[in-house]
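1. with the input below, show me the fold.
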Amino acid sequence: MTAPVRGAGGGGPSGLSSPPPGSFSIFQRILRGYGPMAVLVAVLVVVALAVPSRVPKTATLTAGNTGSYSTGSSGAGAGATGASSGGATSAGGGAAPGAGANAGGAASAVSGRSGGGATPSGNGRTATTSASARVVSCKGDQVPGDPYSPPCLLFSGSNGGATAMGVTPTTINVAFRLTSDQSFQQTLAQLAGASLKDTNADTERTVLALAQYFNAHFQFYGRKLVIHFYNGQGSLSNELLGTGQAQAEADALTVKSMNAFADLSAESEPYADALSRQGVMAFGDPYMSENWHAQHAPYAWSIATDGTDVATIAANYAVNKLCGGTAAYAGGNLKGVHRKFALLAPENSWYQESVAVAQQIMASHGCPADIFTYSLDLGTMSQQASNLIAKLKAGGYTTVLCGCDPIFPVYMSGQGNQQNYLPEFVITGTALTDQDYTAQLWNQNFAAHAFGVSPNAPTVAYTQTIGYAAYKTVRSDEPAFFVNLIYAQMDQLAIGIQMAGPHLTPLTFQQGMYNYPSRQGPMGLWGFSPTQHTIPNDVREICYSPTAISPYNGKAGAYLGTSNARWTKDDIPKGPPGCPIPS
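-> Residues are numbered from 1 along each chain as shown. Okay, here's the model as predicted:
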């Protein structure tokens, strides 16, 4: 039996402000990394359309089953306001329509809909709505200073009332499952220190505060996010191990009975899959493939880059930077040996689907790689690591591409050092493995040979992240340790709601995401397309240094970037890695 649902309207206090001045300056966008991520979940957004510079346009929806969008220039935007009955105001009070480089195309961004919304039709647009509404683009961004803000929009009139399950005239109901087990997180916390552990109470407080933030700053067309927490039957740890499907199904039915539009805690494949089949928008799946997301469209979205992109980026990095050369970054008797590649990832079928993509890409470029697997079983990881290191050493593998969880490399590095096996350890940017505080837990003799790619910007303290800054505009206490992860996932939801327009449905949400203008910021490149439902889709090159001091916690051990360059999966330049060769 589930616990009573606890809800919270997102309306912030009347004095709620935009992020502190300078919080998201251009300088900080370049230098700020994003904070810690929940276990087995990581990263942020990719490609869409640029915002053209044009005069402002007005999108007018007319009563009836089928209306039309007019895209003529607007004047004063008669009757348009920053918010209507309880809706979110445009940040900074909202600029008057009629000026601004980003005005053009912003209103049309919510007009290009499919399904229950509008679909392109020749030079015009059509839409389905139950009442008149007026959406007017305004100058600049919805949240000035936020690098991921959607274009500014003003709204007046009726939003059409109840447009989808969980969407009422005044609310957008969002579920959040709480589970009693946190064994992956607890294990990492024991290895790294108690500061890595968030309680359910920390998570609830942070989610509610950020809901207030998004309600006050984004355009939700007269509606507010209302968060409903519930105690689930499922176990996140079991589901990440590939079991617990029945409990995940039961929890998804609970969410449907709660009449929720979305769930922000879909951090396992079984739960995300079950929610999607119940028609609930599911946010947070852990690195599922492009094909998986296509099969679960329009419901599944995540800040963990889809596994197909992770695999493609890793393979292209190996092909363009490593194939055909000698293992210059290895240690011991592997150093200088002609490279032999191993691909490593959990044995779950949905991860192996992505690993097969990497293997195929490498093989097509004359760069064969063998696949090795392990089980996400905390009780046997130490022994698994010992056996794996022995196999890799006996096979003469010089270079290991690791699509790993955050815990297995801790055991693997210890066994590698003990067995005098120090291969090139190629980071692919998955699940905390590219974070300073995780790599500091590895045997540092082994870690000295780690390099690769990361979607994250250079590391900073979590108090300098976007999520922390947003939380502090609402509350004066401290947020959850994983505040930036929570912010990013909620930001993805908020962007889709604004870009969908007043007629919010899963299909208009999807089309709105596709129309979101591609944005670069401290969490990488954000944008979406029919083949991209996750974020981000670009990376930078990193090298681990056991002696460098981490800006995150002031301790020895940090990833250093080789340049300010960022690469998408298709533009990784040829040539050796930019990392210094370890002595």
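
2. please make it C-alpha for all contacts and neighbour counts, starting now.
-> OK.

3. which residue of the protein sits farthest from its center?
-> No residue in the chain sits farther from the centre than Asn333, which is 39.6 Å out by CA atoms, centre = their mean.

4. tell me the pLDDT at that one?
-> If you check Asn333, the pLDDT there is 93.

5. name whatever forms a beta bridge with Gly157.
-> Gly157 has these beta-bridge partners by DSSP bridges: Ala133.

6. that one contacts Pro169, correct?
-> No - at 11.6 Å, Gly157 and Pro169 do not qualify as touching, with contact defined as CA atoms under 8 Å.

7. between those two, point out the one with more neighbours.
-> Between Gly157 and Pro169, counted using other CA atoms under 10 Å, Gly157 has the larger neighbour count: 21 against 17.

8. tell me the first helix or strand C-terminal of the lengthiest strand in the chain.
-> When the chain is parsed with DSSP state E, its longest strand is strand 538-549. Once the chain leaves strand 538-549, the next helix or strand it forms, by DSSP states H and E, is strand 556-561.

9. just checking: what are the partner strands of that following strand?
-> When DSSP bridges is applied, strand 556-561 pairs with strand 538-549 (antiparallel).

10. contacts for the strand it pairs with?
-> 46, 440, 444, 447-457, 524-525, 555-569, 578-579 (CA atoms under 8 Å, 6 or more residues apart in numbering).

11. which of the residues in it are buried?
-> If you call a residue buried by 16 or more other CA atoms under 10 Å, then strand 538-549 has these buried ones: 538-546, 549.

12. isn't Ala164 right next to Asn259, touching?
-> No - using CA under 8 Å, Ala164 makes no contact with Asn259, being 9.6 Å away.

13. residue ranges in the protein under the pLDDT threshold?
-> In the predicted model, the chain carries pLDDT under 70 at residues 1-131, 181-198.

14. how deep is Ser375 tucked in, by neighbour count?
-> 16.

15. just give me how far stretch 339-356 sits from the chain centre.
-> How far stretch 339-356 lies from its chain's middle: 22 Å, per CA atoms, centre = their mean, to the nearest Å.

16. which residues does that stretch contact?
-> The set of residues external to stretch 339-356 that reach it, using CA under 8 Å, 6+ apart, is 241-242, 287-289, 307-308, 310-311, 322-327, 359, 368-376, 392, 396-405.

17. same thing but at 6 Å, please
-> Residues outside stretch 339-356 that contact it (CA atoms under 6 Å, 6 or more residues apart in numbering): 307-308, 311, 326-327, 369-375, 397-404.

18. okay, and which of those residues map to strands?
-> Using DSSP E, the subset of the contacts of stretch 339-356 located in strands is 369-374, 399-402.

19. PyMOL command for the buried members of these?
-> In PyMOL syntax, the buried subset of the ones in strands among the contacts of stretch 339-356 is picked out as below (16+ other CA under 10 Å):
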select buried, resi 369+371+372+373+374+399+400+401+402
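
20. can I get the CA coordinates of the longest strand of the chain in PDB?
-> Taking C-alpha atoms only, strand 538-549 is exported to PDB below (Å, rounded to 0.1, in the frame of the first residue of the first chain):
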ATOM      1  CA  ASP A 538      28.800  16.800 -27.100                       C
ATOM      2  CA  VAL A 539      31.900  16.100 -25.100                       C
ATOM      3  CA  ARG A 540      35.300  17.500 -24.300                       C
ATOM      4  CA  GLU A 541      38.600  15.500 -23.900                       C
ATOM      5  CA  ILE A 542      39.800  14.900 -20.400                       C
ATOM      6  CA  CYS A 543      42.900  13.400 -18.700                       C
ATOM      7  CA  TYR A 544      43.100  12.300 -15.100                       C
ATOM      8  CA  SER A 545      45.900  13.600 -12.900                       C
ATOM      9  CA  PRO A 546      46.400  12.100  -9.400                       C
ATOM     10  CA  THR A 547      48.300  15.200  -8.300                       C
ATOM     11  CA  ALA A 548      46.100  18.000  -9.600                       C
ATOM     12  CA  ILE A 549      43.900  19.600  -7.000                       C
END
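
21. which ones are touching Pro455?
-> By CA under 6 Å, 6+ apart, the neighbours of Pro455 are 524, 538-539.

22. let's verify the residue farthest from the centre of the chain: helix, strand, or coil?
-> Judged by DSSP: H, G, I helix; E, B strand; the rest coil, the three-state class of Asn333 is helix.

23. use 31 as the first number from now on
-> Okay, using 31 as the starting number, the last item reads as Asn363.

24. that one and Thr564, how far apart?
-> 40 Å (CA to CA, to the nearest Å).

25. and what of Glu297?
-> Distance from Glu297 to Thr564, by CA to CA: 13 Å.

26. and the two? Which one has more around it.
-> It is Thr564, of Glu297 and Thr564, that has more neighbours when counted by other CA under 10 Å, with 33 against 25.

27. need the contact list for Val367.
-> 356-357.

28. can you rerun that using 10 Å?
-> Taking CA atoms under 10 Å, 6 or more residues apart in numbering, we find Val367 in contact with 355-358, 360, 426-428.

29. could those residues go into JSON lines alongside distance to Gln414 and neighbour count?
-> Below are the contacts of Val367 laid out as JSON lines (distance: CA to CA, whole Å; neighbours: other CA atoms under 10 Å):
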{"residue": "Gly355", "distance to Gln414": "30", "neighbour count": "13"}
{"residue": "Thr356", "distance to Gln414": "28", "neighbour count": "17"}
{"residue": "Ala357", "distance to Gln414": "25", "neighbour count": "21"}
{"residue": "Ala358", "distance to Gln414": "27", "neighbour count": "23"}
{"residue": "Ala360", "distance to Gln414": "22", "neighbour count": "26"}
{"residue": "Gly426", "distance to Gln414": "18", "neighbour count": "18"}
{"residue": "Tyr427", "distance to Gln414": "17", "neighbour count": "23"}
{"residue": "Thr428", "distance to Gln414": "19", "neighbour count": "28"}
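
30. next one: the longest strand of the chain to chain centre, how far?
-> Mean-position distance between strand 568-579 and its chain equals 21 Å (CA atoms, centre = their mean).

31. got it, and stretch 424-436?
-> 25 Å.

32. for the closest residue to Tyr589 other than its chain neighbours, give its distance to Ala334.
-> Using CA to CA, 6 or more residues apart in numbering and skipping residues adjacent in sequence, the residue nearest Tyr589 is Tyr574, 4.3 Å away. Distance, Tyr574 to Ala334, by CA to CA: 22 Å.

33. Lys365 - how many residues pack around it?
-> 18.

34. residues contacting the host helix or strand of Ala312, please?
-> When elements are assigned from DSSP H and E, Ala312 belongs to strand 311-313. Residues outside strand 311-313 that contact it (CA under 10 Å, 6+ apart) are 204-205, 282, 290-298, 301-306, 326-334, 519-520, 522-523, 535-536, 539, 564.
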